[in-house]
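Visitor: I would like the atomic coordinates for the input below:
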Amino acid sequence: LWNGMHALSPFKNLNGRSVSSSPSHSNVSRRSYAANKYPKPVVVHKNGVDLMNDPLYNKGVAFTEVERDRFGLRGLLPPCHNTIEEQVARVSERYLGDAQSDIAKFTNLSALQDRNESLFYKLIIDNIKKLAPIIYTPTVGLAAQKFGYLFRRPRGMYFSSSDKGEMATMVYNWPEEEVDVIVVTDGSRILGLGDLGSNGMAIPIGKLSLYVAAGGIHPSKTLPVMLDVGTNNAALLEDPFYLGRKHKRVTGAAYHELVDEFMAAVRNRWPNVLVQFEDFSNENAYPLLHKYRKQQLCFNDDIQGTGAVALGGLYSALRVRGLNAADLKNQKIVCLGAGSAGLGVTISILRGMMTHGMSEEDATKNFWLVDANGLLTKGRSNINPAQTLMARDEKELEGMKLADVVRKVKPTVLLGLSGIGGLFTEEIVREMSKHVDRPIVFPLSNPTDRAECSATQAFQWTDGKAIFASGSPFQDVELNGKKCSVSQGNNMFIFPGVGLGAVISGSKRIPLEMFARAAEVLSDCVTSDDIAQGRVYPDLNNIREVSLKIAMECCRIAVRRNLATKYVPADAKELEKFIRDRMYAPEYDPYVVHEHGH
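Guide: Numbers count the residues shown, from 1 in each chain. Coordinates of the predicted model:
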């Protein structure tokens, strides 16, 4: 999906000044009024081949006869005319069939996005359940590893260590005057794959595709960013196809100065832009979030998004067990992984317990975090502040192995955020199932081969009793003639809705309450039928409705906490329509010619 940055060359106005080649969309996205009987035309500043080569405005054979004359396209296209629905039908077999590998589908979808974004997003939205695993996890992990080999055209912006002192000006090289959402990574901890350097650019591109498809953010208002500060991956430093800076990672004060310069640059050009931190290493993820979350609109999806989606899944899992949200405070939770994701999840659940009357001191007693060095206690050296909060007081238990922890604690919930596949062994899962009738097993590491156990293993080792959700998709399992349902705890259930609500309301920052409430809304979206089948997340085909409901709650929170800078209707029905009307829908608008002087 990196293959083809918006090919928008600035044109010159009568005064010779460079002007963005895209129209101003103000507060209403192009074709956000899709249900309008008379859609507003879009002023276009290009014609001929230049227009056809612009993925934001290209319609292919869907250009009408009038538009072909108006924009000098006659003879440059086959004479037939298709609707966007007919175009989707034409390309569907190519992208939805089983003849190609997932990485081939990914590459072909990238090519489609490069030439026609409206058609790309129409195809994705109409087939979100099938294609989300292609444009994001798990396929995006393999695409990131092969980034240099698959690269054809740039998409987004790259800020590197060689750009120090230039970021404030180079940010104006981006052709769009309005940007609502930036997803930025430094490539230091890509999914469960580790340091992939600038190859990590595949992640912001994929995330922003989900912002558009699932959250309704207009594609022209998204910007993927790679902050290239080098890599410590020796294989990449020797790779002739590697596209990033070939030096060891910049660290310490020099690293934080580069991040600070980048944040100031984007804040200066787009004061209200939402910055999502993505796949930063453990030692930087929390400090960066702590530093910037009260300075400008930002959040860390690995910490806050993963935490909210896991908490929402737990609320639903309690419903499967015949309990309610207040029973969260009675759960014993063992989490394998004490990095940014593991801490983000457990701290989010801890806050959920506190909303149901527990003190922080009492809530922390319900958690046991295990990492590569064993059980995390306050007796460990080199422990960071976030880990200190979740570390056990029993220093004599420091380093206890996972199997022994499960045997001692008898947990009701087992979470996997280690990034290492297969660590939930048969011994561990069977031991857990001895002490709880419906064990909640969430191996949340990505991609699929990094999951701590598979769905089949979890159900076989618990005799079909597990309540199972994973970070990457698994198929439902049939065991002894019974269907065992699988859920995917994908962050796309959270971040598009939170981002949409922040953008719509013009929120000055994103308080923790937004993610806590998003988790509750996510669980509320799981139907009674889904709960009866053991599912803990909504049907992915309903993702835009989930995002809408989360956005509504985030808007209300922004207003209540005096963070909103834009008008937000108070009435629930008006607010729903207000947001829905502003969600991008991929249809073809009528185009009119830009004329100088008008």
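Visitor: Relative to Tyr136, how far out is the most centrally placed residue in the chain?
Guide: Centroid-nearest residue in the chain: Lys207, 4.3 Å away (criterion: C-alpha atoms, centre = their mean). Separation of Lys207 from Tyr136 (C-beta to C-beta, to the nearest Å): 7 Å. All C-beta spots, glycine's among them, are computed from the backbone N, C-alpha and C.
Visitor: Kindly report the same for Asn446.
Guide: Counting by C-beta to C-beta, the gap from Asn446 to Tyr136 is 9 Å.
Visitor: With neighbour numbers in mind, choose between those two.
Guide: Ranked by neighbour count (other C-beta atoms under 10 Å), Asn446 and Tyr136 place Tyr136 first, with 29 against 25.
Visitor: need the contact list for that one.
Guide: Residues in contact with Tyr136 (C-beta atoms under 8 Å, 6 or more residues apart in numbering) are 206-207, 209-210, 490, 492.
Visitor: For Leu119, which residues are in contact?
Guide: Residues in contact with Leu119 (C-beta under 8 Å, 6+ apart) are 60, 84, 87-88, 91, 112, 586.
Visitor: Kindly provide the distance from the residue nearest to Gln87 when sequence neighbours are not counted to Asp571.
Guide: Excluding the flanking residues, the one nearest Gln87 by C-beta to C-beta, 6 or more residues apart in numbering is Leu119, at 5.4 Å. Using C-beta to C-beta, we find Leu119 at a distance of 36 Å from Asp571.
Visitor: where exactly do the helices run in the stretch 201-350 of the chain?
Guide: Assigned by DSSP state H, counting those that start in this stretch, the stretch 201-350 of the chain shows helices spanning 202-215, 234-237, 252-269, 282-292, 306-320, 340-355.
Visitor: let me fix that: the stretch 351-500 of the chain
Guide: Under DSSP H, counting those that start in this stretch, the stretch 351-500 of the chain gives helices at 360-364, 385-390, 402-409, 426-433, 455-461, 495-505.
Visitor: Quickly run through the sheet partners of the biggest strand by length in the chain, with directions.
Guide: Selection of the longest strand in the chain by residue count, based on DSSP state E, yields strand 222-228. Applying DSSP bridges, strand 222-228 is found paired with strand 157-160 (parallel), strand 181-185 (parallel).
Visitor: Quick one, which of those gets closest to Pro287.
Guide: strand 181-185 (15.2 Å; C-beta to C-beta).
Visitor: average pLDDT across the closest one?
Guide: Regarding strand 181-185, the rounded mean pLDDT is 98.
Visitor: burial count for the residue lying closest to Lys378 once chain neighbours are set aside?
Guide: The shortest distance from Lys378 to any non-neighbouring residue, by C-beta to C-beta, 6+ apart, is to Ala391 (4.7 Å). Ala391: 22 surrounding residues under other C-beta under 10 Å.
Visitor: what do you get for Asp69?
Guide: Residues lying near Asp69 (other C-beta under 10 Å) number 11.
Visitor: Okay, helices next: where are they in the stretch 51-200 of the chain?
Guide: In the stretch 51-200 of the chain, the segments counted as helices under DSSP H, counting those that start in this stretch are 65-70, 84-96, 102-115, 117-126, 128-135, 139-145, 147-150, 167-170.
Visitor: Among those, which comes closest to Gly200?
Guide: Ranking the helices of the stretch 51-200 of the chain by proximity to Gly200 (C-beta to C-beta) places helix 139-145 first, at 6.0 Å.
Visitor: Let me see the mean pLDDT of that closest one.
Guide: Averaging pLDDT along helix 139-145 gives 93.
Visitor: Pull the distance from it to the chain's centre.
Guide: 15 Å (C-alpha atoms, centre = their mean, to the nearest Å).
Visitor: Give me the contacts around that helix.
Guide: 1, 102-103, 105-107, 133, 150, 190-193, 196, 199-203, 206, 446-447.
Visitor: right, so the helices of the stretch 351-500 of the chain: which one is the most enclosed?
Guide: helix 495-505 (a mean of 29; mean count of other C-beta atoms under 10 Å).
Visitor: same for that one, what does it pack against?
Guide: For helix 495-505, the packing partners by 3 or more C-beta pairs under 8 Å, 6 or more residues apart in numbering; DSSP states H and E come out as helix 202-215, strand 274-277, helix 512-524, helix 543-560, helix 572-580.
Visitor: Please produce CSV containing the ones you listed, extended by distance to Thr355.
Guide: Putting those into CSV (distance: least, C-beta to C-beta, whole Å) gives the following:
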stretch, distance to Thr355
helix 202-215, 25
strand 274-277, 25
helix 512-524, 7
helix 543-560, 14
helix 572-580, 22
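Visitor: Mean pLDDT and distance to Leu289 added to those, as a markdown table?
Guide: Formatted as a markdown table, these follow (pLDDT from 0 to 100; distance: least, C-beta to C-beta, whole Å):
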| stretch | mean pLDDT | distance to Leu289 |
| --- | --- | --- |
| helix 202-215 | 97 | 16 |
| strand 274-277 | 98 | 6 |
| helix 512-524 | 97 | 11 |
| helix 543-560 | 98 | 18 |
| helix 572-580 | 97 | 26 |
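Visitor: quick one, which of the ones you listed is packed in tightest?
Guide: Of the helices and strands packed on helix 495-505, the one with the most neighbours on average (mean count of other C-beta under 10 Å) is helix 202-215, at a mean of 27.
Visitor: So which elements touch that helix?
Guide: helix 117-126, helix 128-135, helix 139-145, strand 181-185, strand 222-228, helix 495-505, helix 543-560.
Visitor: tell me the mean pLDDT for the second one?
Guide: This points to helix 128-135. 94.
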